[in-house]
Every structure is written in structure tokens, then in C-alpha cells.
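# Okay, sequence plus prediction incoming.
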Amino acid sequence: MYYKIWYLAIFLIIFINTNLVAETNGAKKYNEFIQRELDMDKSDTPKNILVGSIIGGGRHLSPMLEICKILVDRGYNVTLVAPGNFTATSTLYHSIPQIITDIRKDDYVSLEMRKTLFEEYDIKNWAIRMRMINHKYKYTKYFNDYLQAYKEIKPDLFFCDYIANEPCFDLAWKLKKPVVGFTSGTTYFTHPPPIRSDPRMGRGCHVSMENESFYNRFICAVVQPLRVIWAFRDNLNDINALRAEVGISKYYDYRGRTNTLFLLDNFFGFEIPSAWPPLIQEIGPILSDTFPNLSSDLDLFLSTHPRTMYISLGTNLFTTPENYAIILQSALELINRNILDGVIWATVRFNVSELPTTIAISNGDIVSTLNIINNLHPHLYITNHGGVGSGQESMYTATPMLVLPIALDQPGNAERLELTGMALKLSKLDLKVVDIISKVVRLLNEESFKMNAKRMQVLAKFNSKRKYRGADLIEIMLNLAKYDGSRNENGELEVDIETLLRSWITPNSRMGFIRGNYLDVFGAAFIIALTLIISFGYGFYKIIRFVFKRWSLRSRNPRESSLKHKNE
């Protein structure tokens, strides 16, 4: 009886499937394919986004606004809250409205800042630098600036530049709004795996610890992280005191509120490979699809100087007057020796008064520094606008690089570039003309640098498409908020960030350090294994001892019998 039922069931399944196939084949006569629905209904999706930055400047804002341009095209409303009149003076992002928090002030001339930039950069300097940026008045001021902007534009999501920007993250958490962080490097906001470190951790610490000694690996993985916590204690205490004043709960991680979705302006091949948690999403290198045209003067200079070196030391950092003089002399020597025929120097923070009035080169010529600055030298072109993200742009264009790291993330990035095989590194503490010239010659003549640059170009070009992934992730946050959030008495959408991020938060982060890393399970397994090993070992020892005693007793008995027989 049962087998008949099974046959009937099998027959019905076959019959139904056959009919489905027949119906599908029939449908193909009328429509070969059915279009997959690509668009989503966003009619009730929260649309307002606040972009916040305390540092400002092109390196921090341009990649974020590049993502925001995509979001604007998709119908979202974006407002920038940052110092300086950035978007109004930008040719690429002028359509994005900005609330100006203050005029960017040059806080780099202080004695402490000059020490930080001119001396060896380490944990102590790093902590001093961050405390200067996060000075007491700034937390309260920027918190109130963001709060005022919130009241004006009613953002549904905060998009926060990570560096020294605790007020942006804190306000978002207080208001129960979705928040997405943005950064170009991981050292700041997450503990790297032991195989990765950073030069600012101290001597012997590098972006890759693969070939380092046991001593260096121990110091960089155990000792130096503890020094970082100790060095940042005052900064953390300052911020927590100010948090209490504005009704924000204290937070005891010097890295800030890291349980947040972060967009990382970096990419595999340049960054040391690591298994990042889902909350860290690599979307770099973020580059604009269009760039402002060259000025007629610069275009003419490049057309008449095919072998040109471009010098840019970054938007915010600077080096010693002595180093500037050495770089200038090196540029003149490279031209004089016909190694190069032109040099373009983007002098963003160039103080002419600190330079020598003349530069002497090896052929006996004396060149006026003032003439160079005023673009009166036929083979040097000075401009006061440096390229944004010049390292990423160089990889994208397969251009070998000579890098001079000064502070912050630059030493780590210099090591990464050197590891790619397309760059050589200089030392700000031991800068020499002969070293610069010899390394420029190597970069120009050794084929390996050009080949490695082309290899990096492949990675940079393919990965540069991922900025759309960054926009998608922000859209996901906004679209999920309407399902996971609730409206308060004012009709404003509020979310539980832990619930909103459950798609990205790994279970181990909720289980605690011991359970999350299965230390209890592995510890129990170790104890069981050790107990068994000791038990078997002890049992084996007892057996051996028993056998040995029996053997000794037997070997002794014949001798005793023999002696007894002789005595008789």
C-alpha cells in the first residue's frame, strides 16, 4: 500500500514539473526573457544627509563628497558641515551646500606642532597632535555646530570624517540617527592584527611585521599598544569630561565609537592584506571622474618639458626650512645634470621668509630663491595648489614615486608604497641632495619600478569603481532605517544603531573577549588534552616502572639462587 502512495507522489511531482516546463516553454513563444526589477521604491526613504568634518581640506572632504555626488544624483539631499568655504570654491562639488563652521586657521605654527612635524614621529607626538586638534573648546564648539545644523536640515543620517571628530559620532548616537564613518587608514579606529603595525608606534614597527625579529614583534604587538592607551589617557579624559557637559555618556575607548559602519578609502594591493570585520568596508581608491583643466601656463610648461617631476608634500603638513632648501637644490641639480628637464612644485604651506635667499648648485651657478618662487626660472614651475590624494593618483597613472613622509599616516603610506615596488622613500631627519638624485635616477632607469607601477595601476583602476559601493552602503543604511526605526513625538525617525547594524556586526563582538574568541572552549579543550596526556603519561610511567621492577626482581633472583647454591 505504502509503495503505491510513493509511486503516486513521484508521479504527481513529475506531472507537475512537466506542466511547469510546458507552461514555461509556452511563455517563451511570447516573451523570451523577463526583466529583473532593478530599481527600488524610495518614495518614503529618508533622504537628508549631514556630512561632518573638523579637519576639512581636500584630502578629507573630496573623497567623501565624491560619494555624496553619487547620492545627490540618486535623489538624496546632502549638506556639508566643515571649516572653510570648501564647496563654494570647488569646481567639482559647488552644487553641495555647506554650513561653514569657521574659517580654517593655521594652527601649525605653534612650537609643539613644529616639534611634532620636525622631529621623529612617534606615539608621544601622535598623542600631542591629536590633543591639539581636539582641544577642549573644539569638542563643545563643534558639537554645538553640528546640533545647530541638525536643527536646520533635519538629517536622517550622519556621514562623519573620523579624524578628531568625536562630536559628529556622539551627536548621531545621542539623537539615535544612523551614522557612517569615513577614513583613509585603519590605524586610528581599529586594533590591527599582530602581523600589521605602524611606524608611528616606534622604531622597529612597520606596516608589515612579516620579516621582523621576535623582539620587534613582541614590542609592537604588546608593549607599544599599551603605550598608546597610556599616551591618550589625558585626551580621553578631556573628551569624556566635555561629553558629560552636553549630556553624552562617557566612552572609554580612545579610538572613539568604533562600533560603526566605516568606509575605508583604501584597497587591496596597497593596504597590507587583512581579514577586516564586516563593519569595515574597503571602497578605495576614491578618485574623481573629472578634473579641472590645466591652466594655460602649466599646460605650456608640461608641453615643453616632457621629463618633469611633480613635488607635493600634502595639504596640511610641512617640513623644516633646511629640508625645503635641500629639495630646491636637488631639483636644480637634477635639471643641471639633464636627468630631468622640468620640476613642478605645489607649495601649499611654503614659507618663503624661512628659505635662504640663494641656492648654489654644483656647476657654480647661484640661483635666486625669489626668482624661483615668482616663476622666473625657465625649468621650475611653482603653484600653490597641490593634488588631492597624490599617492592614489600616481598609482592610477602608473607613475613611480619618491616619497618624503612627515607625520600622521604618511610614514605608513610611504612604507606601503615602497612595498609595492613602485616607490622609494626619503627620511625627513636625514635628507641629502645626493640621496634624492640617486633615487630619482633609479626610479627613471630601473625597469622594475615602471612594471610595478603598471601592476598597481591595474588594481587602482578596477578598485576605483568601488566608490559606488560606498554610496550603496549609505543607501542601505537609510533604507533599513525606515524598517528598523521608529518615529518619536516630533515625527523624527530614530533607530537603535545595534539593531540597524545587525547585518554587519559579527556575533563574537557581542559575546565578549573570552567567549567571542572561544577562549573558554579552547581552554577547556587544552585542559582536557593536558589531563589526558598527563594521565596516559602517568599510566605509562607506572607500567614501565612495574615492568622494570619485575625484570629487576627476576634478574636478581637467579643470582641469589646461584650464590645460595655455592654457599651450600
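Received, thanks.
# Assign residue 275 to helix, strand or coil.
coil (DSSP: H, G, I helix; E, B strand; the rest coil).
# State the phi and psi torsions of it.
phi -90, psi 90 (degrees, to the nearest 10).
# Also residue 495?
phi -130, psi 150.
# where's it relative to residue 478, distance?
10 Å (CB to CB, to the nearest Å). For glycine as for every other residue, the C-beta is placed from the backbone atoms N, C-alpha and C.
# Looking at these two, which is more packed in?
residue 495 (25 against 21; other CB atoms under 10 Å).
# Can you give the domain ranges for the chain?
The chain breaks down into these domains under automatic domain parsing: 1-36, 296-464, 514-555.
# ok, of the ones you listed, where does mean pLDDT dip lowest?
Within those, confidence is poorest for domain 1-36, with a mean of 47 (mean pLDDT).
# Next, residue 481: secondary structure please.
Classified using three-state DSSP, residue 481 is helix.
# and it, how far is that from residue 259?
From residue 481 to residue 259 the distance is 17 Å (CB to CB).
# Run the chain-centre distance for whichever helix in the chain runs longest.
Determined from DSSP state H, the single longest helix within the chain is helix 519-567. Taking CA atoms, centre = their mean, to the nearest Å, one finds helix 519-567 lying 60 Å from the centre of the chain it belongs to.
# Residues that sit against both of residue 495 and residue 478, list them.
Common contact partners of residue 495 and residue 478 (CB atoms under 8 Å, 6 or more residues apart in numbering): residue 178.
# circling back: would you mind finding the most buried of the domains of the chain?
Stretch with highest mean neighbour count among the domains of the chain: domain 296-464 (a mean of 17; mean count of other CB atoms under 10 Å).
# Please export the C-alpha coordinates of stretch 362-369 as PDB.
Extracted in PDB, the C-alpha atoms of stretch 362-369 (Å, rounded to 0.1, in the frame of the first residue of the first chain):
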ATOM      1  CA  SER A 362      77.500  72.200  -8.500                       C
ATOM      2  CA  ASN A 363      78.200  74.000 -11.800                       C
ATOM      3  CA  GLY A 364      78.900  77.200  -9.900                       C
ATOM      4  CA  ASP A 365      75.600  78.900 -10.600                       C
ATOM      5  CA  ILE A 366      73.900  80.900  -7.900                       C
ATOM      6  CA  VAL A 367      70.100  80.800  -8.300                       C
ATOM      7  CA  SER A 368      67.800  83.400  -6.600                       C
ATOM      8  CA  THR A 369      65.100  81.700  -4.400                       C
END
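# what about residue 481 and residue 259, which has more around it?
Higher neighbour count among residue 481 and residue 259: residue 481, with 20 against 14, using other CB under 10 Å.
# residues touching that one, list them.
46, 156, 157, 178, 493, 495, 500.
# Same check on residue 49?
68, 71, 76-79, 155-159, 474, 478.
# All the strands of the stretch 1-150 of the chain, residue numbers only.
48-52, 77-82, 98-100 (DSSP state E, counting those that start in this stretch).
# same deal with the stretch 401-550 of the chain?
401-403, 423-425, 486-487, 493-494.
# What is the burial count for the residue nearest to residue 392 when sequence neighbours are not counted?
Nearest residue to residue 392, sequence neighbours excluded (CB to CB, 6 or more residues apart in numbering): residue 285, at 3.9 Å. By other CB under 10 Å, the residues close to residue 285 number 24.
# again with the one 3 residues further on
As a burial measure, residue 288 scores 18 neighbours (other CB under 10 Å).
# What of residue 245?
Neighbours of residue 245 (other CB under 10 Å): 10.
# That one against residue 140, yeah?
Yes. Judged on CB atoms under 8 Å, residue 245 makes contact with residue 140 at a distance of 6.9 Å.
# circling back to that earlier point, for the strands of the stretch 401-550 of the chain, which one sits closest to residue 213?
strand 423-425 (20.9 Å; CB to CB).
# for the stretch 201-350 of the chain, what spans make up the strands?
For the stretch 201-350 of the chain, the strands defined by DSSP E, counting those that start in this stretch occupy 261-264, 280-282, 308-312, 342-346.
# With distance to residue 51 added, can I get those strands in CSV?
Output for these, formatted as CSV (distance: least, CB to CB, whole Å):
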stretch, distance to residue 51
strand 261-264, 12
strand 280-282, 17
strand 308-312, 25
strand 342-346, 26
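# Of the ones you listed, give the one that comes closest to residue 467.
Using CB to CB, the nearest of these to residue 467 is strand 261-264, at 9.1 Å.
# Packing partners of the closest one?
Where contact means 3 or more CB pairs under 8 Å, 6 or more residues apart in numbering; DSSP states H and E, strand 261-264 is packed against strand 179-183, strand 280-282, helix 467-484.
# winner for burial among the ones you listed?
By mean count of other CB under 10 Å, those have strand 179-183 as the most buried, with a mean of 24.
# Mind giving me the packing neighbours of it?
Using 3+ CB pairs under 8 Å, 6+ apart: strand 179-183 touches strand 157-161, helix 166-175, strand 261-264, helix 467-484.
# Switch those over to a markdown table; also include mean pLDDT and distance to residue 217.
What follows is the helices and strands packed on strand 179-183, written out as a markdown table (pLDDT from 0 to 100; distance: least, CB to CB, whole Å):
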| stretch | mean pLDDT | distance to residue 217 |
| --- | --- | --- |
| strand 157-161 | 96 | 32 |
| helix 166-175 | 94 | 32 |
| strand 261-264 | 94 | 25 |
| helix 467-484 | 93 | 34 |
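# just to revisit the earlier point, nearest to residue 515, out of the helices and strands packed on strand 261-264?
strand 280-282 (22.1 Å).
# now the closest one: mean pLDDT?
Per-residue scores along strand 280-282 average to 92.
# and that strand, what does it pack onto?
strand 261-264, helix 467-484.
# Please verify my assumption that residue 308 contacts residue 302.
Yes. With contacts counted by CB under 8 Å, residue 308 reaches residue 302, the gap being 6.2 Å.
# Overlap of the contact sets of the two?
With CB under 8 Å, 6+ apart as the test, residue 308 and residue 302 both reach 342, 344.
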